[in-house]
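In: my questions are about this predicted structure, shown below with the sequence.
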Amino acid sequence: MNLRNLILSLFAVAAFFASGTAQKNEHPNVLLIITDDQGFGDLGINGNPHIKTPVIDKFAKESIRLNQFYVSPVCAPTRSSLMTGRYSLRTGVHDTYNGGATMATSEITIAEVLKKAGYQTAIFGKWHLGDNYPGRPNDQGFDESVIHLSGGMGQVGDFTTWFQGDSSYFNPVLWHNGIQEKYNGYCSDIFTEQAIHFIEKTREKPFFCYLAFNAPHTPLQVPGKYYQMYKDIDPARGFENSSRPFVEMNEQNKEDARKVYAMVTNIDDNLGRLFKKLDELGIEDNTLVIFMTDNGPQQIRYIAGMRGRKGSVYRGGVRVPFYLKYPTRFDGNKDIEATAAHIDILPTLAEICGAQIPNDRIIDGKSLVPLLNNQNVTWANRPLFFYWTRRYLELYNNISVQKANMKLVGHADYNADIQNFELFDIQKDPNEQTNLVNEQTSMAMQLKSELDKIYRELIRSENILHPPHAIIGTEYENPVVLNRNDADGERGIWAQEEIFGKWHVKILEGSYNIRVKFIKPVEAGGKMILETNAVIHQKTNREKTDLIEMKNIYLPESQGELIPFYTVAGKNIFPFWVEIEKIE
């Protein structure tokens, strides 16, 4: 071989290996996008003639579309399963508030898994898995975080935006790495801008960016120019020739839909900015992008004919859009009909990114890589479990198990006969209209046996039996502000005054200053009572005020319940929030 041919051969070999390296990159960037309360029907690509989502529609057409993708019926359970690959009850998460939306710090998140593999990690938007140390994003593997508190901006738990009322989505105070910081603009714009800044800063290293929009969750607030796009539409029209059943909409439903569509179009524009930035930085091909939503729609509107909405175990509550695009490794523009779920995301990302999933606990999810590679999988008939009731799981109430195309649904008493359940063949009956329980009782009994097995295992979860505690008195968070979202006690604690509430806490020994905030001023002449296990402090209040301070209180080390209340004129009033600052 002459010198010229040798050089050409060496170049060819080098190009081959360079190409192979690019195709088998073990550490692609990951951009995981999730929206809040956006239903399957809130996209143009899914048959909605009113909504304008050109960016997401184009992305979906270029992606792998998992058309039978499922999540939990409500926010926090979906997010805990997404982060850990485990059913939410294993993580300690069983509700959206009432103390049920705090994930155990022993859980290992996607951020922690990828961080060990050399990734820079960030979250922008909604966390909803605990607002105090050690349950915040920056305690759970995220290097950078800009988030709101609790389940949503303008909610009681997010006390920095609650008092903004109808403008809570604009110019908010957010939490940057655990510290309050003022931002200007509309929330979805802010979270997108923060994601873009993070990607620009970390583009030389692999990154995991979790962009978790709080829109289009209530309160339905949106910039005026987006609302103007929809103010004259009738969201109930345009489906007359559809074979899919469509529910009736009253005028309030229609107005809500207009606002939701406007919020989604704003998100669509923001994703256009984000995808353009990936292209400008030259990292689009080596960035794995996922778009999904967290549950069905809260309000009545088009949902592609499915039954149920947010909170329901029917498909309208748990089936969501899921699109995955990673040009370097997977061919796009294809449909996958195999059943998949939120619990599959962690093992999937771990395999693609060359990271190790935890081997010291049950991981309920499976890697989707074989499906993405067009391979047959042996777990296609695995049972998937869904439930939701306020506070804790209630046996056979809003509960279901799905295996292949058969699904058993319970809205029944704990001791109900099988005839009180519903059985659907969702392949033949995707809208769950025909109950087959009497025709296929044997199948229903088999599925009930699967459901009972899963239920009995999950209710014994360590993190359900022993709820996670906020830790008070550490250097990592001082002061600690305990908010209404994470308060346990009576069922349905929200903005009430006369209600019993408490927080699960671990207190480190020391002296503390305590500030107690009320929703409305309390009358003079009452007593502020603070119970921490066997230690009780009280203070007489001599003025009408919404803020009571108790200074220099010594608290021994303890773990249990913190119970504060103001007692006056026969009423016990629960605080809006409690701030506890260690002073020595």
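Out: On my side now, so go ahead.
In: CA atoms for contacts and neighbours, from now on please.
Out: Fine.
In: buried residues in the lengthiest helix in the chain, which are they?
Out: Longest helix in the chain by number of residues, with DSSP state H as the criterion: helix 251-280. Residues 254-271, 273-275, 277-278 are the ones in helix 251-280 that count as buried (16 or more other Cα atoms under 10 Å).
In: find the nearest non-adjacent residue to Lys520, please.
Out: What sits nearest to Lys520 in space, not counting adjacent residues and going by Cα to Cα, 6 or more residues apart in numbering, is Asp546, at 5.8 Å.
In: list phi and psi for that neighbour.
Out: Here is the backbone geometry of Asp546 (degrees, to the nearest 10): phi -110, psi 10.
In: quick one: neighbours of it, just the number.
Out: By other Cα atoms under 10 Å, 15 other residues sit near Asp546.
In: quick check: mean pLDDT of whatever helix or strand Arg456 lives in?
Out: Here Arg456 sits within helix 441-458, counting by DSSP states H and E. The average pLDDT for helix 441-458 rounds to 97.
In: so how far is that helix off the chain centroid?
Out: Remark: helix 441-458 is offset 27 Å from the chain centroid, using Cα atoms, centre = their mean, to the nearest Å.
In: ok, now stretch 72-82?
Out: Counting by Cα atoms, centre = their mean, stretch 72-82 comes out at 5 Å from the chain centroid.
In: ditto for stretch 273-290
Out: How far stretch 273-290 lies from its chain's middle: 23 Å, per Cα atoms, centre = their mean.
In: next one: Asp364 from Ala215, what distance?
Out: Relative to Ala215, Asp364 is positioned 28 Å away (Cα to Cα, to the nearest Å).
In: who has more neighbours out of the two?
Out: Neighbours were counted for Asp364 and for Ala215 using other Cα under 10 Å; Ala215 has more, 27 against 16.
In: contacts only, for the more buried one.
Out: 35-38, 188, 263-264, 267 (Cα atoms under 8 Å, 6 or more residues apart in numbering).
In: and stretch 198-214, how far apart are its ends?
Out: 19 Å.
In: and stretch 120-133, by the same measure?
Out: End-to-end distance for stretch 120-133, by Cα to Cα: 21 Å.
In: centre of the chain to it, how far?
Out: Relative to its parent chain, stretch 120-133 has a centroid offset of 10 Å by Cα atoms, centre = their mean.
In: likewise stretch 335-354?
Out: Relative to the centre of its chain, stretch 335-354 is centred 17 Å away, using Cα atoms, centre = their mean.
In: stretch 92-108 now?
Out: Distance, stretch centre to chain centre, for stretch 92-108: 11 Å (Cα atoms, centre = their mean).
In: so what's Leu220 closest to, chain neighbours aside?
Out: Nearest residue to Leu220, sequence neighbours excluded (Cα to Cα, 6+ apart): Lys259, at 6.1 Å.
In: quickly note the distance from the one you found to Asn253.
Out: Lys259 sits 10 Å away from Asn253, going by Cα to Cα.
In: tell me the pLDDT of Glu248.
Out: 87.
In: the lengthiest strand in the chain: what's the following helix or strand?
Out: Ranked by number of residues, the top strand in the chain under DSSP state E is strand 510-522. Following strand 510-522 in sequence order, the next helix or strand is strand 527-532 (DSSP H and E).
In: how about that following strand: buried residues?
Out: Residues of strand 527-532 classed as buried by neighbour count (16+ other Cα under 10 Å): 527-530, 532.
In: next: stretch 347-362.
Out: Applying a neighbour-count criterion of 16+ other Cα under 10 Å, one finds 347-350, 352-355, 357 buried in stretch 347-362.
In: equivalent analysis for stretch 424-440, please.
Out: Burial within stretch 424-440, assessed by neighbour count using 16+ other Cα under 10 Å, is assigned to 424-426, 430-432, 435-437.
In: for the stretch 101-250 of the chain, which segments are assigned as strands?
Out: Under the criterion DSSP state E, counting those that start in this stretch, the stretch 101-250 of the chain contains strands at 120-126, 144-148, 173-176, 179-182, 207-212.
In: hmm, who's touching the longest one?
Out: Okay, so that is strand 120-126. Contacts with strand 120-126, where a contact means Cα under 8 Å, 6+ apart, come from 111, 114-115, 137, 141-152, 191-192, 194-195, 198, 202, 205-214.
In: give me the buried entries from those residues.
Out: 111, 114-115, 137, 141-152, 191-192, 194-195, 198, 206-214.
In: would you map out the domains in the protein?
Out: The record's domain parsing of the chain by automatic domain parsing lists 31-372, 383-464, 470-582.
In: most packed of these?
Out: domain 31-372 (a mean of 21; mean count of other Cα atoms under 10 Å).
In: and that domain, how far apart are its ends?
Out: With Cα to Cα as the measure, domain 31-372 spans 17 Å from end to end.
In: quick one: residues contacting the nearest residue to Pro479 once chain neighbours are set aside.
Out: Leaving aside its chain neighbours, Pro479 sits nearest to Glu581 (4.1 Å; criterion: Cα to Cα, 6+ apart). Going by Cα under 8 Å, 6+ apart, Glu581 touches 473, 478-480, 512-514.
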